[in-house]
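Asks: here you go, sequence then predicted model.
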Amino acid sequence: MANKITINWDKIQDIIEHYNSNPENLLMIMQDITNLYNYVPPEAIPLLKKKLNVKESLIYSVATFYKTISLEPRGKHIIHVCTGTACHILGAVKIMDAYKEELNIKEGQTTEDGLFSLEGVRCIGCCASGPVITVDKEIHGGLDRSKALNILELYKRSSERGEVERG
Amino acid sequence: MIKLNSIESLQKFRDSITSTRTRQGKRLISLCAGSGCGAYGTSGVYDELMKELSLQGLQEQFEVKLTGCHGFCEKGPIMVIYPDGIFYSQLKKEHMAEIVEKTLKTGELVKARLFKVESTQKKVSLEEEIPFYNLQKRIVLGNNGVIEPTSIDDYIAVGGYTALEKALSKMTPQNILDEISKSKLRGRGGGGFPTGVKWKTCARFDGPRYIICNADEGDPGAYMDRSILEGNPHSVVEGMIIGALAIGSSQGYVYVRHEYPLAVKNLSLAIEKARDYGILGKHILGSRIDFDITISRGGGAFVCGESTALMASLEGKPGRPRAKYVHTVEKGYREGPTTLNNVETWANVPIIINNGADWYCSIGTENSKGTKIFSLVGKVINTGLVEVPMGTSLRTIIFDIGGGVPKNKKFKAVQTGGPSGGCIPEAHLDLGVDFDELSRVGSIMGSGGMIVMDQNTCMVEVARYFVEFLQDESCGQCNPCREGLKQMLDILTRICEGHGKKGDIELLEELGAMIEKFSLCGLGTSAPNPVLSTIRYFRDEYEAHIKDKKCPSGVCKPLFHYEIDKDTCTGCMLCAKKCPHEAITGIKKEPHILNQEKCIKCGICYDNCKFNAIFIK
């Protein structure tokens, strides 16, 4: 699984303050925390509860309702295979299958070494370039099985060299 | 910093930008930096172009703009050189030196980069000669190709915020309400509700009123809202300010998908700049009007496109819809009267105010006025965003603008309206697309997704795909949607796996009718559409799956296999080389053999065979 992280409490405080501790911004606060750690560490929930003055149940309810929030650690690189209609028609299933096979995980899981998480996403609006994936924030379009696997190779190799850092 | 504190100062500012630009006389090179072209590598092309311009000493003569989406995403990255409108597509950085050397220096065309028209096989040099563009009417998307979305000056220079000037100086709120009503503008997000009626009703209720832009473009396969926000965010901001003037609101929100980072970035920048200039915030352009816009990012829940769910989400709660006994125009966000419109609807507002309702009404059909942007995607040659007058036929859109189905395959259906829509067969291709005609044939306009399907698309699997999507996205509050869709999905999955039973089709129809009637919100009531419309038009495919245990399109893996036609196979060995499981063997120039035991039905051989020697059985 992914490595244990150390939480930078100051940064989380900053995020909450950036949104004026307004509970209406709970979802965006959690999205910004996700930008830091790729997930919302459950350890942060008591602080959110206190600062935003909301019930813990609301935080869990929001965190589990929305797809962009995960309470479990995710991999260093997150592969999102677009499963929108256009990509589906153009063969997104084949791309997803190729990754499942190659990484030996199911959709929604993270590799043993914590390097990759594989997730489906409902359309990123690049429908004319399908099938499309994003790795972290990079978009890769016009894929087939072999192109998709080449991209994976690229990230594996640069990760070995320690070049690809999360931006 | 420039602060525009009156309408006159905005007008003066516009004049000064345009006169400076005319004096400099730089030629414009527009390079598409939308997400679609970006995925094909615009940034590398841009860097190389800038390098070549400076190497060849031309940087003073040209102005390179990284614009929003030009719409022809499949051919990206795209470059248009003005004033002529020379159109180059599918660019790579290696092409830049030659383009700068020839076209920019001497006007000579680089033939290899010109666009080839499929029907005539002729190469053309100008944007206006390309059927994809010249059959469109791009009143909303038009400026996408000529302005830099991050520059408010660009927007102002092409006449941006003149509609706001007019609304502020020459119109009362009632005039604006009347003009929008008269234009017969209908909501572009899906429902097609008359915008004027919505605004007028909202303005009647007391309390702090809110304006919301729904940019939670959840419909998979549609991306016009992303394109407008990325390419021309100020048009939406301007539309919202005019809406605020009409209704009497001082606070607006844009609820935009988290999955659209570039749209969020460009819109944030637009709002910030408009605020700096005095176009948003306190005392807009020195008037007594206050109005500001806040961005809220969605969390990837399809149901949040539904207005009550969106407002719940905006309040920081899970996005669960509520029954609309009381409409949101009366009690919406924070229980206040709220006007919610879609991105494309807001972008139409300044156009109507500028050109007048009569002009707007001259475009379109009896009950659907103006243009509509469609995202033409799937199995079609020219994919991209297409803006056409309402009433344009499906055939024109798919075959004339879209160039038809690639690889000489047969057209099967077009899916409109996203997961709430339906599949339309060839028999209805001459239908003029507007709100009413599409619902007449069992589909909907929706937000404008148009997904073309060919002979290799299985309609049962498509229905299964949509139901799986909706079942996953159902918020789970009401029984018909939560349980009904689950049952539909079970049945459809069974059929696709080869375990369909007699009576399944009838059961699906019965379930569909129930879900349609008794669900709480729009997601549920429209959810059975993809199933019901495919049963209506493609019942034979369902029967082939259930009775013959065959998937004629070659999609449902347990229900077909590939075979090699010995007479057609030339023994070129391409399939044997490409097969990832070494299931194909054979000697050069002799028909190959496919080992069914090893075959995983990935379809690589089928897609790659140049002689159509591999077939589905």
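Replies: All right, it came through fine. Numbers count the residues shown, from 1 in each chain, chains lettered A, B, ... in the order given.
Asks: helix, strand or coil for residue B:180?
Replies: helix (DSSP: H, G, I helix; E, B strand; the rest coil).
Asks: wait, what's in contact with the closest residue to it other than its chain neighbours?
Replies: Leaving aside its sequence neighbours, residue B:180 sits nearest to residue B:196 (C-beta to C-beta, 6 or more residues apart in numbering or on different chains; 4.4 Å). Bear in mind the C-beta positions are built from the backbone N, C-alpha and C, glycine included. Taking C-beta atoms under 8 Å, 6 or more residues apart in numbering or on different chains, we find residue B:196 in contact with B:177, B:178, B:180, B:181, B:182, B:183, B:184, B:185.
Asks: could you give me the buried positions within the helix or strand hosting residue B:196?
Replies: Counting by DSSP states H and E, the element that carries residue B:196 is helix B:195-204. For helix B:195-204, a neighbour-count test (16 or more other C-beta atoms under 10 Å in any protein chain shown) marks B:195, B:196, B:198, B:199, B:200, B:202, B:203 as buried.
Asks: correct me, but residue B:611 touches residue B:567?
Replies: No - the pair residue B:611 and residue B:567 does not pass the contact test of C-beta atoms under 8 Å, sitting 10.3 Å apart.
Asks: neighbour count winner among the two?
Replies: residue B:611 (13 against 7; other C-beta atoms under 10 Å in any protein chain shown).
Asks: how about that one, what does it touch?
Replies: By C-beta under 8 Å, 6+ apart, residue B:611 lies in contact with B:568, B:569, B:570, B:572.
Asks: surely the second one forms part of a helix?
Replies: In this case it means residue B:569. No - counting by three-state DSSP, residue B:569 is not part of a helix but coil.
Asks: state the number of residues packed around it.
Replies: 21.
Asks: how about the contacts made by it?
Replies: By C-beta under 8 Å, 6+ apart, the contact set of residue B:569 is B:586, B:591, B:592, B:611, B:613.
Asks: and the fourth one, helix, strand or coil?
Replies: For residue B:611, the assignment made with three-state DSSP gives coil.
Asks: shaky segments in chain A?
Replies: A:1-4, A:162-167 (pLDDT under 70).
Asks: if I pick the residue of chain A most remote from its centre, what's in contact with it?
Replies: Each residue of chain A has a distance to the centre, and by C-alpha atoms, centre = their mean the biggest one is for residue A:53: 27.1 Å. Neighbouring residues of residue A:53 by C-beta under 8 Å, 6+ apart: A:21, A:23.
Asks: all strands for chain A, in order.
Replies: A:77-82, A:116-121, A:133-135, A:138-140 (DSSP state E).
Asks: would you map out the domains in chain A?
Replies: As assigned by automatic domain parsing, chain A contains the domains A:9-65, A:77-160.
Asks: any idea which of the ones you listed is most buried?
Replies: Stretch with highest mean neighbour count among the domains of chain A: domain A:77-160 (a mean of 20; mean count of other C-beta atoms under 10 Å in any protein chain shown).
Asks: how far off centre is it?
Replies: Here domain A:77-160 shows a centroid-to-chain-centroid distance of 12 Å under the convention C-alpha atoms, centre = their mean, to the nearest Å.
Asks: distance between the ends of that domain?
Replies: Domain A:77-160 has its terminal residues 13 Å apart, counting by C-alpha to C-alpha, to the nearest Å.
Asks: ok, back up a step: of the contacts of residue B:569, which is the most crowded?
Replies: With neighbours taken as other C-beta under 10 Å, the top of those is residue B:592, carrying 24 neighbours.
Asks: which stretches of chain A form helices?
Replies: A:9-18, A:26-37, A:45-52, A:56-65, A:85-89, A:92-103, A:145-160 (DSSP state H).
Asks: in a markdown table: these, plus distance to residue B:93.
Replies: Converted to a markdown table, these look like this (distance: least, C-beta to C-beta, whole Å):
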| stretch | distance to residue B:93 |
| --- | --- |
| helix A:9-18 | 37 |
| helix A:26-37 | 30 |
| helix A:45-52 | 45 |
| helix A:56-65 | 43 |
| helix A:85-89 | 26 |
| helix A:92-103 | 26 |
| helix A:145-160 | 18 |
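Asks: which of those helices sits closest to residue A:77?
Replies: Ranking the helices of chain A by proximity to residue A:77 (C-beta to C-beta) places helix A:145-160 first, at 5.5 Å.
Asks: ok so, going back, which of the contacts of residue B:611 sits closest to chain A?
Replies: Set against chain A, the nearest of those by C-beta to the nearest C-beta is residue B:572 (18.4 Å).
Asks: doesn't residue B:608 make contact with that closest one?
Replies: No - at 10.0 Å, residue B:572 does not count as touching residue B:608 under the criterion of C-beta under 8 Å.
Asks: give me the residues contacting stretch A:15-29.
Replies: Here stretch A:15-29 has contacts from A:32-33, A:47-48, A:51-54, A:58-59, A:62, A:66, A:69, B:296-299, B:313-316, using C-beta under 8 Å, 6+ apart.
Asks: before we move on, back to that, from the buried residues of helix B:195-204, pick the one nearest residue B:453.
Replies: Distance to residue B:453, by C-beta to C-beta, is smallest for residue B:195 among those, at 32.0 Å.
Asks: contact partners for that closest one?
Replies: Counting by C-beta under 8 Å, 6+ apart, residue B:195 touches B:180, B:185, B:186, B:187, B:341, B:345.
Asks: picking up where we left off before, mind checking how far the residue nearest to residue B:180 is from residue B:182?
Replies: 7 Å (C-beta to C-beta, to the nearest Å).
Asks: likewise residue B:354?
Replies: Taking C-beta to C-beta as the measure, residue B:354 falls 14 Å from residue B:182.
Asks: what's the helix or strand for residue B:36?
Replies: Here residue B:36 sits within helix B:35-39, counting by DSSP H and E.
Asks: convert the C-alpha atoms of that helix to CSV, please.
Replies: Output of helix B:35-39 as CSV, limited to C-alpha atoms (Å, rounded to 0.1, in the frame of the first residue of the first chain):
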residue,chain,number,x,y,z
SER,B,35,-8.0,20.6,-23.6
GLY,B,36,-8.5,18.6,-26.7
CYS,B,37,-5.6,20.1,-28.7
GLY,B,38,-3.6,20.2,-25.4
ALA,B,39,-3.9,16.4,-25.2
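Asks: in CSV, list the C-alpha atoms belonging to the helix or strand just after it.
Replies: Moving toward the C-terminus from helix B:35-39, the next helix or strand (DSSP H and E) is helix B:42-55. Taking Å, rounded to 0.1, in the frame of the first residue of the first chain, the C-alpha atoms of helix B:42-55 are listed here in CSV:
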residue,chain,number,x,y,z
THR,B,42,-0.1,22.3,-28.1
SER,B,43,2.5,23.5,-25.6
GLY,B,44,5.4,21.9,-27.4
VAL,B,45,4.2,23.4,-30.7
TYR,B,46,3.9,26.8,-29.1
ASP,B,47,7.4,26.8,-27.7
GLU,B,48,8.8,25.8,-31.0
LEU,B,49,6.8,28.4,-32.9
MET,B,50,8.0,31.1,-30.6
LYS,B,51,11.6,29.9,-31.0
GLU,B,52,11.4,29.8,-34.8
LEU,B,53,9.7,33.3,-34.9
SER,B,54,12.6,34.8,-33.0
LEU,B,55,15.3,32.8,-34.9
